[in-house]
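Student: dropping a prediction and its sequence here:
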Amino acid sequence: MKKIAFVTAGGSGGRMHKDTPKQFLELQGMPVIIHTLLKFEQSNDIDVIIVVCLNGWIDKLKALALKYNITKLEAIVEGGSNSQESISKGIGYLLGNGYSEDDIVLVHESVRPFITDKIIADNITSCMERGNAVTVVRGNESYLYSEDGVSSERHFLREKMFMVQTPQTFRLGCVAKALNDANEKGLVSQSLYILMSQLDYTPLYMVDGDRFNLKLTYPEDLKIFEILLTEDVRKMKI
């Protein structure tokens, strides 16, 4: 049984308002995606890495992987027009290259460089024992639901709310079947866990994430990430 880090890097990062895709922006002299890949490279729980990459940046990523000695990187697959299509292409690569349906696939966003060894290990354990894993942190804000973005008649109890992170982890065969089912039903979802829920691949089992396992989304996040790269800051208990 292989444990596969499946890193998604197919987005262009429009909300960053920069010419360079956000996964290739530098933090302390090294691209964000390399910070992320090194976490999987250094993990004893990961056997192989594949990346689904934005078209036009594959050669750049190959060069970076060589430079930073990402030896577990087996393949860089060209991404699709959306996240679901990109994941489908990566899963297709795995199925076409001898991987077993029982292999464990940790789907992780390349712009979350602060993933920890514990998150990786807990995802794998949950998938082995319960069939899947979705990384979450408990909500610490109150939430309103609005249909029009102006008014609300519904709220959610904070104690029942969880914020979803990545990785989201499933057996290879399970992801492949879900993607095939989605294609047949014309379903397109922005996240793998949403697709699984829509297709009744439930229950989804939650594992603890980390409040520092943040996603690079907006320009101001770069400053926060630079601070978090200081090891002593991330060790703080908040």
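Tutor: Okay, I see it.

Student: only C-alpha atoms for contact and neighbour calcs from this point on.
Tutor: OK.

Student: list the contacts of residue 175.
Tutor: residue 91 (CA atoms under 8 Å, 6 or more residues apart in numbering).

Student: now it: phi and psi?
Tutor: When read as degrees, to the nearest 10, the backbone of residue 175 gives phi -60, psi -40.

Student: report the buried residues of stretch 33-42.
Tutor: 33, 34, 35, 36, 37, 38, 39, 40, 41 (16 or more other CA atoms under 10 Å).

Student: any idea how far that stretch is from the chain center?
Tutor: Distance of stretch 33-42 from the chain centroid (CA atoms, centre = their mean, to the nearest Å) equals 13 Å.

Student: now stretch 216-231
Tutor: The answer for stretch 216-231 is 17 Å, by CA atoms, centre = their mean.

Student: that older thread, and of the buried residues of stretch 33-42, the nearest to residue 78?
Tutor: Nearest to residue 78 among the buried residues of stretch 33-42: residue 33, at 15.5 Å, using CA to CA.

Student: now that closest one, what's its secondary structure?
Tutor: Under DSSP: H, G, I helix; E, B strand; the rest coil, the three-state class of residue 33 is helix.

Student: now it: how far from residue 230?
Tutor: Distance of residue 33 to residue 230, given as CA to CA, to the nearest Å: 17 Å.

Student: any idea how far the residue nearest to the spatial centre of the chain lies from residue 38?
Tutor: In the chain, the residue lying closest to the centroid (CA atoms, centre = their mean) is residue 108, at 2.1 Å. Using CA to CA, residue 108 is found at 13 Å from residue 38.

Student: swap in residue 186?
Tutor: From residue 186 across to residue 38, the span is 36 Å (CA to CA).

Student: same check, this time on residue 23
Tutor: Going from residue 23 to residue 38 by CA to CA gives 14 Å.

Student: for stretch 46-63, buried residues please.
Tutor: Quick answer for stretch 46-63 (16+ other CA under 10 Å): 46, 47, 48, 49, 50, 51, 52, 53, 54, 55, 58, 61.

Student: again with stretch 216-224
Tutor: Residues 216, 217, 222 are the ones in stretch 216-224 that count as buried (16+ other CA under 10 Å).

Student: cool, and stretch 153-172?
Tutor: Buried, per 16+ other CA under 10 Å, within stretch 153-172: 161, 164, 165, 166, 167, 168, 169, 170, 171, 172.

Student: so which of those residues is the closest to residue 90?
Tutor: Using CA to CA, those come closest to residue 90 at residue 172, 10.7 Å.

Student: quick check: phi and psi at that closest one.
Tutor: With angles defined as degrees, to the nearest 10, residue 172 sits at phi -60, psi -50.

Student: element containing residue 210, please.
Tutor: Counting by DSSP states H and E, no helix or strand carries residue 210.

Student: what sits closest to it if chain neighbours are left out?
Tutor: residue 137 (6.4 Å; CA to CA, 6 or more residues apart in numbering).

Student: got the contact list for the one you found?
Tutor: Counting by CA under 8 Å, 6+ apart, residue 137 has contacts 162, 163, 164, 165, 208, 209, 210, 211.

Student: may I have the beta-bridge partners of the third one?
Tutor: What it means is residue 164. As for beta bridges, residue 164 partners with residue 136 under DSSP bridges.

Student: pull the number of nearby residues for residue 23.
Tutor: By other CA atoms under 10 Å, the residues close to residue 23 number 27.

Student: return the distance of residue 176 relative to residue 192.
Tutor: For residue 176, the distance to residue 192 (CA to CA) stands at 11 Å.

Student: just residue 156 next, same as before
Tutor: 23 Å.

Student: below-threshold pLDDT in this structure: ranges please.
Tutor: Along the chain, the model assigns pLDDT under 70 to residues 12-17, 231-238.
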